[in-house]
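Visitor: build me a structure from this.
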Amino acid sequence: MTLQHINRHCYAMQLPDAPEYIVSGDQLSLSAVPASGAGIVHAASSSTSSAELPQHKQTPLDPESAQHEQPAAVDGASKPAWQDYNSVFTAAKAGMQNVDKEKVKKIVYEMSKDSAHFRNEQRKQAQVDAKIAQLKAKVAALSTAELAGFQKSCDAKITQLEATRDLTKTWLHVDMDAFYASVEELDQPELKNKPMAVGGIGMICTANYEARKYGVRSAMPGFIARKLCPQLVFVKPDFVKYTAASEQTRAVFRLYDPAFEAGSLDEAYLDITAYCKEHGVTGEQVAAELRAKVTAATQLTCSVGVAPNVMLAKVASDMNKPNGQAKVEASRDAVMAFVHDLPIRKIPGIGKVSEQTLNALDINTCSQVIQQRAYVAALLSSISCNFLLSVGLGLGATEHSSRGGGEDNGLPGRKGISCERTFSAMSAPAALEQMADTLVQHLAADMAAEDIEAKTLTLKLKTTDFHIRTRAATLPNYVSTAAQMLPPISKLLKAELPVEIRLMGVRGSNLRKIQKQGAISAAGSKLNALQRMVLQGRKQQQPREQQQQQQQQYGGQHLQDGQQGIEWHDNEQQQ
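Guide: Presented below is the predicted three-dimensional model:
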């Protein structure tokens, strides 16, 4: 099973009759876990035999129950409206364990309730509630015989999935601690003991641990964060600086796994199986050594999860933040014990909508997926069912996605690469063009780091009334530099003017590995990702006439549809 295979289901799982959801890697932190050793958290051993499937527990929704009882509804009529309000802003992150959640929830509600965002969230929540009601109606209509059939089918799937379990690998998930904020603190040490957020009144990229004590977190509007923490200091984002720091961390990662996969600027997945075998060390030892080397190289800290597969390593890396590590032992008993009480929301790819839907089926923890497997099979698609059953069994990717695509055929191991930014309402053409330039620069740096190029470019816009527009151009040649990508992206943007937006994103797809020549290779490149980005930035500062010459490659500054074989695509939806 490859990382790419898991990600196909993890990051775009669709529940029946429910809107598709995309989730970032930010997940809730786990509750306190017993620790032993130097910051190493071990999963407790389970008494379940490795030859046995998890026991089927009787619950109100079990097919073997005499009646199909529904979970009791909570009467919220007498409660203030804010008590039932939940949003991404009220979800906890590492460093927020002691935050007064009720206070945060109330402030977020009061600051949001008259906004367009709040009304849009209410609209989406009403849709989710309606879909959950439909699912419950389907549950009530299922007969005992039908449920028994679905459970039998699931048991066969579980047997097949168990046969794929691989406990021979050692994976690390490395997650930099409050990365953007920590980089800024290197330049301004006086901020270390002050609540600080990278971003502004419109939106926050991340917050340091001092700010998180007040409930301030990433993806939160700055005006809400300032209400939670009046003394909060804002620092303007500097992605050139963050990319430079990221490249320093990646140089350390390559020592242990030259083929590591970057999840973003601040996280990576490493298969250290071969390294451990060659050097006679354990995964815990490598994790501790890697953390020390990252700190020595960057003066930054990171947290690491050690596990036999990617999914478990990702979850474990969040267990002992900041500057810690956690391990899931490579045995079936330990894995099953680890996931038994693990909240379903901890799993990468399961967000608020999915959590609510699963909760309606009495699925709150990973083990309850197995207990409620008949309903999972009856109500969800085959792909979603397989994904959730894998979660319940603690299964995950054990191979790099790039290896799944084949290292010798030039395939990149991913379908696309993108970056986007959320900000306060923006409509000035010059500001929009500057934002597009910034995003293209960032995308070019990420593509350079992975030695990939794209043939299709997509511009994503979210308007202030929460409509999503996507416009794409398929180019005659592959592109990878900012100088190559900005003209077609600018053309797509100009076609949308006038427009007022709160989010912009750029994406490259239809990818391939860059054909390496001479001394420039992944192992011995003369230009690292940061240097490439700096050169790309210099190209953007060339005289206007030179930029126009570059743009002529794509049909001039104002491209005409169909010129140079470019295909233009568009789409619009409300989100």
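
Visitor: tell me how many other residues crowd the nearest residue to Ala378 once chain neighbours are set aside.
Guide: Excluding its sequence neighbours, the residue lying closest to Ala378 (Cβ to Cβ, 6 or more residues apart in numbering) is Phe150, at 4.6 Å. For every residue, glycine as well, the C-beta is placed using N, CA and C. Phe150 has 19 neighbours, counted by other Cβ atoms under 10 Å.

Visitor: for the helix or strand containing Phe150, buried residues please.
Guide: Here Phe150 sits within helix 144-162, counting by DSSP states H and E. When burial is assessed from 16 or more other Cβ atoms under 10 Å, helix 144-162 yields the following buried residues: 147, 149-151, 153-155, 157-158, 161.

Visitor: give the next helix or strand downstream of that helix.
Guide: strand 171-176.

Visitor: so what secondary structure elements neighbour that following strand?
Guide: Contact partners of strand 171-176 among helices and strands, from 3 or more Cβ pairs under 8 Å, 6 or more residues apart in numbering; DSSP states H and E: helix 239-256, strand 267-271, helix 283-298, strand 302-307, helix 310-316.

Visitor: want to throw those into CSV with mean pLDDT, mean neighbour count and distance to Lys415?
Guide: Shown next, in CSV, are those (pLDDT from 0 to 100; neighbours: other Cβ atoms under 10 Å; distance: least, Cβ to Cβ, whole Å):
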stretch, mean pLDDT, mean neighbour count, distance to Lys415
helix 239-256, 94, 19, 22
strand 267-271, 96, 24, 17
helix 283-298, 98, 19, 29
strand 302-307, 98, 28, 25
helix 310-316, 97, 28, 17
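
Visitor: now the ones you listed in CSV, with distance to Asp333?
Guide: Shown next, in CSV, are the helices and strands packed on strand 171-176 (distance: least, Cβ to Cβ, whole Å):
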stretch, distance to Asp333
helix 239-256, 28
strand 267-271, 23
helix 283-298, 18
strand 302-307, 14
helix 310-316, 14
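
Visitor: returning to that earlier point: please compute how far the helix holding Phe150 lies from its chain's middle.
Guide: Its chain's C-alpha centre and that of helix 144-162 lie 31 Å apart, by Cα atoms, centre = their mean, to the nearest Å.

Visitor: contacts for it?
Guide: Applying Cβ atoms under 8 Å, 6 or more residues apart in numbering, the contact partners of helix 144-162 are 53, 63-64, 370, 373-378, 385-386, 389-390, 393, 395.

Visitor: so which of those are in helices?
Guide: 370, 373-378, 385-386, 389-390, 393 (DSSP state H).

Visitor: farthest pair within those?
Guide: Ala378 and Leu393 (19.1 Å; Cβ to Cβ).

Visitor: contacting residues for Asn208?
Guide: Asn208 makes contact with 178, 181-182, 185, 191-192, 195-197, according to Cβ under 8 Å, 6+ apart.

Visitor: phi, psi of it?
Guide: Backbone torsions of Asn208, given as degrees, to the nearest 10, read phi -80, psi 170.

Visitor: next one: Gly149 from Asn386, what distance?
Guide: Distance of Gly149 to Asn386, given as Cβ to Cβ, to the nearest Å: 17 Å.

Visitor: Ala296 too?
Guide: On the measure of Cβ to Cβ, Ala296 and Asn386 end up 43 Å apart.

Visitor: could you do Gln299 as well?
Guide: Distance from Gln299 to Asn386, counting by Cβ to Cβ: 43 Å.

Visitor: now Glu184, nearest residue through space, not along the chain?
Guide: Spatial nearest neighbour of Glu184, excluding adjacent residues (Cβ to Cβ, 6+ apart): Val235 at 4.9 Å.

Visitor: may I ask which helix or strand of this protein has the lowest mean pLDDT?
Guide: Here the helix or strand of the chain ranked lowest by mean pLDDT, DSSP states H and E is helix 544-551, holding a mean of 38.

Visitor: mind checking what helix or strand follows the helix or strand hosting Leu486 in sequence?
Guide: Assessed by DSSP H and E, Leu486 sits inside helix 482-494. Where DSSP H and E defines the elements, the next helix or strand beyond helix 482-494 is strand 501-513.

Visitor: got the angle for that following strand vs helix 482-494?
Guide: Angle of strand 501-513 versus helix 482-494, following axes from the mean of the first three to the mean of the last three Cα atoms, to 10 degrees, is 140 degrees.

Visitor: got the buried residues for strand 501-513?
Guide: 501-509, 511-513.

Visitor: partner strands of it, parallel or antiparallel?
Guide: With DSSP bridges as the test, strand 501-513 is paired with strand 416-426 (antiparallel), strand 452-463 (antiparallel).
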